[in-house]
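The sequence and its predicted three-dimensional model are supplied below.
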Amino acid sequence: MSSISAVGEAPAAPEATRTSLRKLRTFARNKGAMIGIFILLALAFAAIFARLLTPYDPTAQDLSSAFLAPSLAHPFGTDDLGQDILARIMYGGRYTLAIGVVAVSIAAIIGVPLGLISGYVGGATDMVIQRITDILLSFNPFLLALVLVAVFGVGIQTVTIAAGIGVIPQFIRLARGQALSLREEVYVEAAIAFGESSLAILRRHVLRNALTPILVYATLNIGVTILVAAGLGFLGLGVQPPTPEWGTMLGTARSFIFKASYQLTFPGLTIFLAVLSFNLVGDGLRDAFDPSLRE
Amino acid sequence: MSGFLTYLVRRLVAAVITLLGVILVMVLLVRALPGDPARIIAGLQATPEQVEQVRLSMGLDQPVPVQYWRYLVNLAHGSLGTSARFGTSVLSEIAHRLPYTIVLAVFGTLFGAIFGIALGVLAATHKGRWADAFGSMLGVAGISMPVYWLGILLIVLFSVKLRLLPIGGADTLSSLVMPTITLGVFSMAVVSRMTRSTMLDTLDQDYVRTVRAKGVAEWVAVRHALRNAFIPILTVIGLQFGTLLGGAVLTETVFSWPGIGQLLVQSINNRDFPLVQGIVFVFAAMFIVLNIITDLLYSVVDPRVRLYR
Amino acid sequence: MSERREPLLSIKDLRVTFRTRTESVRAVDGVSFDVYPGETLGVVGESGSGKSVTMLSVLRLIPPSTRVVASGQVLFGGKDLLQASKREIRRIRGRHIALIPQDPMTCLDPVLRVGRQVREAIQAHENVAAAEAHRRGVQLLETVGIPEPERHYAQFPHEYSGGMRQRAMIAMGMANAPSLLIADEPTTALDVTIQAQIMDVLRAAQRETRASMVLISHDLGLIAEMADRVVVMYAGHVVESADVQTIFSSPRHPYTLGLIGSLPQTTGNEKWLRPIPGSPPDLADVPSGCPFHPRCFLSRGREICRVTRPELRSLGTGEHRSACHFVAELEGASALPAGELHEGAGR
């Protein structure tokens, strides 16, 4: 066993450290990615410390102060129920950001093993998994999530799972490609020759080397799942009010497009900024760590 | 040519298998409805007779394989079942709304392709300069933009504030402007990103140097590079068509565009699952057909591509 | 060839530097030479010697994505091409100076019919009707020896063999009867058996258009066969130049000597090779002083070679120039008649 690891890692270790440092520097020099990280940190900070940052309860209704345009007291204005929109956006980050991260984790946990097996084992297994991927792809992430909530009902759990299932094919395809190309690598061939079990090889060599691209993909797909979840919310089929999910807020505010268009500005802008940030960070990670993934 | 036919048949067989899978997924999902599916579909106010009627017509009284088989047999006879809400044929409900969706999808795709390619070419030919930075920014902003929010912003600007365009509906050609932009921006972003990266590669190719060495204007060289970049661009147009159809559901809802996307949302709210099944099937079929078309276009764009491998 | 004439192309102190974020690489460093009307000038050197970059800079065809800085002068028809406007350089490309590139496999646009690409070369400089351009295109293909030119005119590059592609490239090059052809390793990418044919076509094309030719090659046999004069380049510098007879009979630079020595030669029945020790320098890290000194049999650790870059100096006899501190020590060095070389390495 040790001799096999030696083929892959031991001699390269100091060199590897240096390259990852260089990649990290490349990433840190990427202005877009840094802006993205900054925005995400700001959104996360606002979500976590919302209680300290705003005096308002996001779900406290006060019809006497409904439809207030942005002012010093309510910087983003209030909605039809008199709830402070800024407070709702800050608290809402807890839901929207968590949905994005959890959904992608679900997709990766299901999709990556399937893809690795598909690419590594090949044959009939590969064909079956590929057909399933094709079927999921022909639904597309949003349509699939939409149908799933239609069946299993609205609510934060269903929405998270539904959004996650939508992007599973992405991870299957990625992991399959990685497994296919890594199978040809010398150290994997060596491991096979040394009689390591397929499972061990997949875990030890293939998965570890595929980790970087998977991370890049995950970051880029968090944006997709947030868009999907918020889109469901917009249609009234996502997280239900009074929970302050950004898409749901946008959907409710839509009825007041003539009366109070400011209600539509800030939830939408926040969704846009969150997704933009994940995409900027994902682009930066890809350019620094795995330029081969470029479209 | 017979090789080409073989290829086409193989693609169509794969498409049919995928569609069979889509139908199976839909049948299983309806079965998975919590509680009594027939009760849910028939609606809360339905009489027991109406519930039984739904149960029978959808085959919910049968085991799944039988229900699946019956759906397929009906499909072979040109029927997608009966709408639980309207009591009309699903096919006819879809048929008179589908043209709207197709028009919107075509315009959205064209918008995305034309402006995406233009933007990508501009960025690639001005690499490292402000036009490139601008294009890249627009690209990443475009893939991050929630379509529903973009639609709303356009309505606020052009309908509410400027009163230039109708807020929704599908009455005049001007009704098509905002939905097209709303739907097309994502494609535009994806296409421009792909065009830029592919063009950066093709612009450096030896054959483009040959073209420049002939003494032609630079745009002629760019045209050569673009022609050679078309295959990846076509591929990405085909692949993002799925996302575009998903976006169509939201766009149609925002603009009250009377296509099958809007109908889908209504059907879900009505728990009209026969209609939901039918619409999802049509969406999947559209996606698959478009991808076969883009693959066929490869050989038009690049004479080296032989489709019968 | 040494009669006093006005040069057609005159390169003066050309320097070309490629910049990347972290380093800058000087691919061409102070190169000067002339090309006279009607002659064939051979430019010889190993890969990375700067010979292709020099000639591509003449047409300003270095890939636009690389950040490149060129200084010096490239005089053609009384105009400095490095300073010419984009429009002026476009008028010169293809019409007055044509490029016949190294690899015909990658130099034809794969998605357009060959005929259209030939036609493009004609129509770039002349306002001719499509039918007339077509007729002339077919004629050009015939001239370069493509069989059934009418049929092949309508074919795509992938339907051509390598030799046919290079013929098509030559056809495009001679389309406007340019006064200078730049042939960049025109046969390197081709099968040995068709190299000779392509050189015949090239020679015929040159004869027909009465053009001068700059033949870039690392193949000394080819140079001996084709060139009137020779410029030898090493690490971005010209190290020796002379007429072809002189270069081969009395080379006056250790690098040239090494190049000739490394040719496979037939002495009696045995073939032998004597390669130059070491390898060409990394252009990002060119040795100090004479760039050739680490590999030079004359230098032997002499300090001047390490410290001072030798100037390209006239040797007094005709146009023979050499850049070596110890050129005197090469007096009477290995004389190899060019004629013999034809047999030895002409292939």
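Arrived safely.

Report all helices and strands that the helix or strand where B:Tyr148 lies contacts.
Assigning secondary structure by DSSP states H and E places B:Tyr148 in helix B:147-154. Using 3 or more CB pairs under 8 Å, 6 or more residues apart in numbering or on different chains; DSSP states H and E, the elements in contact with helix B:147-154 are helix A:208-234, helix A:246-253, helix A:262-289, helix B:177-202, helix B:218-254. Placement of C-beta: from N, CA and C, glycine included.

try it again with 7 Å
For helix B:147-154, the elements it packs on are helix A:262-289, helix B:177-202, helix B:218-254, judged by 3 or more CB pairs under 7 Å, 6 or more residues apart in numbering or on different chains; DSSP states H and E.

could you give the angle of the longest helix belonging to chain A to helix A:246-253?
Ordering each helix of chain A by length in residues (DSSP state H) puts helix A:85-121 first. Angle, helix A:85-121 to helix A:246-253, by axes from the mean of the first three to the mean of the last three CA atoms, to 10 degrees: 130 degrees.

The very next helix or strand once past helix A:85-121 vs chain B: in contact?
Later in the chain than helix A:85-121, the nearest helix or strand by DSSP H and E is helix A:123-139. Yes: Helix A:123-139 lies within reach of chain B by CB under 7 Å from any CB of the partner chain, at A:131, A:134-135, A:137-139.

Tell me the secondary structure of the residue most central in space within chain C, please.
Nearest to the geometric centre of chain C sits C:Ile216, at 1.8 Å (CA atoms, centre = their mean). Recorded secondary structure, C:Ile216: strand (DSSP: H, G, I helix; E, B strand; the rest coil).

Tell me if I'm right that it and C:Pro186 touch.
No: assessed by CB atoms under 7 Å, C:Ile216 is found out of contact with C:Pro186, at 8.4 Å.

quick revisit: what residues does the helix holding B:Tyr148 touch?
Contact with helix B:147-154 is made by A:231, A:234, A:250, A:254, A:257, A:264, A:268, A:271-272, B:178, B:181-183, B:185-186, B:247, B:250-251, B:254-255, as judged by CB atoms under 7 Å, 6 or more residues apart in numbering or on different chains.

residues of it that come out buried?
B:147-154 (16 or more other CB atoms under 10 Å in any protein chain shown).

try stretch B:296-309
For stretch B:296-309, a neighbour-count test (16+ other CB under 10 Å) marks B:297-298, B:301-303, B:307 as buried.

Show me where the chain dips below the pLDDT cut-off.
In the absence of a named chain, this looks at chain A. Across chain A, the ranges flagged by pLDDT under 70 are A:1-16, A:291-295.

should've been chain C
Within chain C, the segments meeting pLDDT under 70 span C:1-4, C:21, C:64-65, C:264-274, C:332-347.

Which helix in it has the most residues?
helix C:192-209.

list the contacts for the residue most central in space within chain B?
Centroid-nearest residue in chain B, with CA atoms, centre = their mean: B:Leu245, separated by 3.1 Å. By CB under 7 Å, 6+ apart, B:Leu245 lies in contact with A:140, A:143, B:105, B:283, B:286-287.

which residues sit in contact with the nearest residue to C:Leu283 once chain neighbours are set aside?
Distance criterion CB to CB, 6 or more residues apart in numbering or on different chains; nearest residue to C:Leu283, sequence neighbours excluded, is C:Val25 at 4.7 Å. C:Val25 sits next to C:17-18, C:283-284 when contact means CB under 7 Å, 6+ apart.

Where does the stretch 151-300 of chain C get nearest to chain A, residue-wise?
Ranked by CB to the nearest CB, the top residue of the stretch 151-300 of chain C for proximity to chain A is C:Ala284, at 17.8 Å.

So whichever residue of the stretch 101-250 of chain B sits closest to chain C: helix, strand or coil?
Residue nearest to chain C within the stretch 101-250 of chain B: B:Gly215 (3.6 Å; CB to the nearest CB). At B:Gly215, secondary structure determined by three-state DSSP is coil.

could you list every residue that touches it?
B:Gly215 makes contact with C:90-95, C:124-125, according to CB under 7 Å, 6+ apart.

Okay, domains of chain B per the record?
For chain B, automatic domain parsing gives the domain ranges B:3-76, B:93-301.

Kindly reformat these as CSV and extend each row with mean pLDDT.
Converted to CSV, those look like this (pLDDT from 0 to 100):
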stretch, mean pLDDT
domain B:3-76, 87
domain B:93-301, 92
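
wait, which of the ones you listed is closest to A:Asp84?
A:Asp84 sits nearest to domain B:93-301 of all the domains of chain B, at 20.4 Å, using CB to CB.

Figure out the length between the terminal residues of that closest one.
38 Å (CA to CA, to the nearest Å).

tell me how far it is from the chain's mean position?
Taking CA atoms, centre = their mean, to the nearest Å, one finds domain B:93-301 lying 9 Å from the centre of the chain it belongs to.

other SSEs contacting whichever helix or strand B:Ala284 is part of?
According to DSSP H and E, B:Ala284 maps onto helix B:273-301. The helices and strands touching helix B:273-301, judged by 3+ CB pairs under 7 Å, 6+ apart, are helix A:123-139, helix A:141-152, helix B:2-31, helix B:90-95, helix B:218-254, helix B:260-270.

among the ones you listed, which is the most enclosed?
helix A:141-152 (a mean of 25; mean count of other CB atoms under 10 Å in any protein chain shown).

What ranges does the stretch 101-250 of chain C have for its strands?
C:180-184, C:212-217, C:229-234, C:237-243 (DSSP state E, counting those that start in this stretch).

CA atoms of the second one as PDB?
It stands for strand C:212-217. The C-alpha trace of strand C:212-217 is given here as PDB (Å, rounded to 0.1, in the frame of the first residue of the first chain):
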ATOM      1  CA  SER C 212      12.400  37.100 -53.800                       C
ATOM      2  CA  MET C 213      12.100  34.400 -51.200                       C
ATOM      3  CA  VAL C 214      13.100  34.100 -47.600                       C
ATOM      4  CA  LEU C 215      13.300  30.400 -46.800                       C
ATOM      5  CA  ILE C 216      13.200  29.700 -43.100                       C
ATOM      6  CA  SER C 217      14.500  26.300 -42.400                       C
END
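
rewinding a little: look up which helix or strand the residue nearest to C:Leu283 falls in, please.
Here C:Val25 is assigned to strand C:24-35, by DSSP H and E.

got the CA coordinates for the helix or strand following that strand in CSV?
Once strand C:24-35 ends, the next helix or strand along the chain (criterion: DSSP H and E) is strand C:40-44. Extracted C-alpha coordinates of strand C:40-44, given in CSV (Å, rounded to 0.1, in the frame of the first residue of the first chain):
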residue,chain,number,x,y,z
THR,C,40,16.5,33.5,-52.2
LEU,C,41,17.7,34.1,-48.7
GLY,C,42,18.0,31.1,-46.4
VAL,C,43,17.5,31.8,-42.7
VAL,C,44,18.9,28.9,-40.7
